Every structure is written in C-alpha cells, then in structure tokens.
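Q: I'd like to go over a predicted model; first the sequence, then the structure.
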Amino acid sequence: MKIILLMLIAYLLGSIPSGLWIGKAFYKKDIRQYGSGNSGTTNTFRILGVKAGFAVFLADLLKGTLATSLAYLPGIDINPLIFGLCAIIGHVFPIFAEFKGGKAVATSAGMLLGYHPLFFFYSLAIFLILLFITSMVSLSSMLAAVIITLSTFILPFIFPVLLPEPDGLLSFIAVVVTAFIFYLHRQNIQRIRQGTESRISFGLNKGKTKKKKKVK
C-alpha cells in the first residue's frame, strides 16, 4: 500500500505543469496557446524568454529527481526508476493540465540524476554536444535519447565507471522513454524534414531555419 501511495505521489509530482503555471502566474499567458502549443521547456524559452525557460527546465528536472528519490525513504524497497517512470508519465499526461503535458525530456533527465548522477552528467554532455552541432533542441533530444539508450547496453562492458553493471530495468525504461520522445516529437520530425524546425541562437547551425512558404 505504501508503494502504491508513493507511486501516486511520484505521478502527481510529474503532473505539476511548470510551464503552464509559471506562464500564467508571472506572464499572464497560457503557454499552450503560443508557439508549438507545448507547455515544456523549449516552448517556454521561445515564448517567455530565458529566465522562464530555465525556471521551467529546473522545475521539470527536479520533479523527476524528487520523484525518483522517494525510493530512498526508510522502509521502501523498490527500484527508484519505478517512481521516476511514474513522474515521466505524469509529466506527459498531467492530471493538473487536462492530461496535455510536455515531451518527457527534462523529467527523464531528472530521473537519471536521482538514480545515477554520473550517468546523468554523461547524458547531459551528449545532449549539449548534439545541441552545439545541430542548434535544434528537438533533434538533439531525440538523438541523445537514442545514444543514451544504446549506452545503457554498452557502457557496462567498455566503461564501467559510468555504469558499473548491466541494468535491465534502466535499459527497458530508456527504450520506452525514447519511443515516447520520438512519438511526442512527431510534428518536430516533420518540420526537420521540411527544414523549418526552429533553431536556437547557439551552435554550428544557428539561424539557418528556412522560412515557411506562404500559400497564395
């Protein structure tokens, strides 16, 4: 019963719609009505600016970390990733925002931070390198998810400092989360193919987004 209650708490933590609440409280905007219509970090950066974007990123990251850390409470005997996954589900399908949430990236990173900090920093480095190369948050997120998933299978055998031993549950959840991330980025994938995906003002390909042709 205690485990079920904590799983519910983890889901509710993940359900906190940081972008939506910060937008309404401090900017009087429903972030879902602008840009991509998403309430996550990237759209917040784009619509509300750097300060709001970082605030939402940290909030979404920490709710994944906090949820995962519930497994370290006294008397709890369960893999922390279970609570982390509950938070991710809450982030994607938040009960506090009509079950329309973010794209699972920041909260998934928070789960890694709570579960294995060294592997988190390895994953963060991969994302930042990809972001510098592509200048696209969406593409970097998807590519990083694939590389991180593959890393859960490979690192224990070639670089055990980062992952000391094979972790079947971590690999399974990584596969599931990667599938989630690709599905939730399906519109981004279409824009990437068309060359119209938004790029940040950082990296090797900054400011190279094609303008959409106007239909006469």
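A: Ah, there it is. Numbers count the residues shown, from 1 in each chain.
Q: the longest helix in the protein is where?
A: For the chain, the helix reaching the highest residue count under DSSP state H is reported as helix 137-158.
Q: can you list the buried residues in that helix?
A: 137-145, 147-149, 151-153, 155-156 (16 or more other C-beta atoms under 10 Å). In short, each C-beta sits where N, CA and C put it, glycine included.
Q: between the lowest-mean-pLDDT helix or strand in the chain and helix 137-158, how big is the angle?
A: Ranking every helix and strand in the chain by mean pLDDT, DSSP states H and E puts helix 41-48 at the bottom, with a mean of 85. Here helix 41-48 runs at an angle of 150 degrees relative to helix 137-158 (axes from the mean of the first three to the mean of the last three C-alpha atoms, to 10 degrees).
Q: continuing past helix 41-48, what's the next helix or strand?
A: helix 50-69 (DSSP states H and E).
Q: for that next one, buried residues please.
A: Applying 16+ other C-beta under 10 Å to helix 50-69 flags 52-53, 55-57, 59-69 as buried.
Q: list the helices and strands the helix or strand following that helix packs on?
A: Per DSSP H and E, the first helix or strand lying C-terminal to helix 50-69 is helix 80-92. Secondary-structure packing of helix 80-92 (3 or more C-beta pairs under 8 Å, 6 or more residues apart in numbering; DSSP states H and E): helix 2-14, helix 50-69, helix 105-115, helix 168-184.
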